[in-house]
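**Student:** Predicted model, plus sequence, below.
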Amino acid sequence: MQNTLTCRQATQLLLEDEDHEIRVEDRVALQVHVRICFACARFVGQLNFMRRATRAWRKHCET
Ligand SMILES: [Zn+2]
């Protein structure tokens, strides 16, 4: 199995995934990369944290 994603490409895909669904093969490559790359795994964690924070903030503003 090849994993030719660079950290730059992985980051790009992660951000694209925020806006729209990325292709299945991109998602798989991303998961493989995140498993072997500590920096990108940490970036995913930060994205998830921001997503949660944004959701909580929106909820707060709606109520
Ligand atoms: Zn990486």
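**Tutor:** Arrived safely, thanks for sending.
**Student:** Only the buried residues of the one helix or strand residue 48 maps to, if you could.
**Tutor:** Residue 48 is located in helix 38-62, with elements delineated by DSSP states H and E. By 16 or more other C-beta atoms under 10 Å, the buried positions in helix 38-62 come out as 40, 43-44. From N, CA and C alone the C-beta is placed, and that goes for glycine too.
**Student:** check the residues you listed against the ion, which are close?
**Tutor:** Near the ion, judged by C-beta under 5 Å from the ion, the entries from the buried residues of helix 38-62 are residue 40.
**Student:** Give me the residues contacting stretch 11-28.
**Tutor:** Applying C-beta atoms under 8 Å, 6 or more residues apart in numbering, the external contacts of stretch 11-28 come out as 5, 29-30, 40, 43-44, 47, 51.
**Student:** Spit out the contact partners of residue 35.
**Tutor:** Contacts of residue 35 by C-beta under 8 Å, 6+ apart are residue 41.
**Student:** ok now the helix or strand hosting it, how far from the chain's centre?
**Tutor:** Using DSSP H and E, residue 35 sits within helix 24-36. Offset of helix 24-36 from its chain centre (C-alpha atoms, centre = their mean, to the nearest Å): 10 Å.
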